[in-house]
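# What shape does this take:
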Amino acid sequence: MSIVVFWISTDEQGQDQPCAEAFADAGLSAALQAAEARRREGCRHVCISSELQGAVGKAGVAAVENGQTPDGQRYDWSKAHRAGRMRRRG
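Have a look, this model is predicted:
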């Protein structure tokens with residue numbers, strides 16, 4: 001279970017009920033369709049949450065120190081490098 005659609009539905013007694021439907025990593029299209037279907041049904045608080053296996057590093061990685069993640073993987077990406085040199089106004 002890597003993608004989950006959550007929503008609140010109202011039962012026959014008028015009580016709000018939390019609901020969820022799970023999808024595999026490759027099921028984003030199906031999850032989007034399910035979310036849209038829940039919205040059309042009038043469900044509230046419809047949202048999608050994902051935790052894709054290949055999208056992020058090891059759980060718990062909070063810092064990069066000395067060019068490495070805590071599990072020893074090399075990490076050299078920097079926003080400054082990608083954005084280019086700053087231009088000065090003048």
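# From now on I want contacts and neighbour counts done on CA atoms only, so please keep to that.
OK.
# Tell me the bridge partners for S50.
I3 (DSSP bridges).
# For it, which residues are in contact?
S50 makes contacts with 2-4, as judged by CA atoms under 8 Å, 6 or more residues apart in numbering.
# Out of the residues you listed, which is nearest to R89?
Nearest to R89, judged by CA to CA, of these is I3 at 45.4 Å.
# Can you report how many residues neighbour that closest one?
21 (other CA atoms under 10 Å).
# Then E65?
Using other CA under 10 Å, E65 is surrounded by 11 other residues.
# Give me the contacts around the lengthiest helix in the chain.
For the chain, the helix with the greatest residue count under DSSP state H is helix 28-40. Applying CA under 8 Å, 6+ apart, the external contacts of helix 28-40 come out as 3-5, 7, 23, 46-48.
# Filter those residues down to the ones in helices?
Per DSSP H, those never map to helices.
# so what pLDDT did the residue nearest the centre of the chain get?
For the chain, S50 is the residue whose C-alpha lies nearest the centre (CA atoms, centre = their mean; 4.0 Å). The model reports S50 with a pLDDT of 90.
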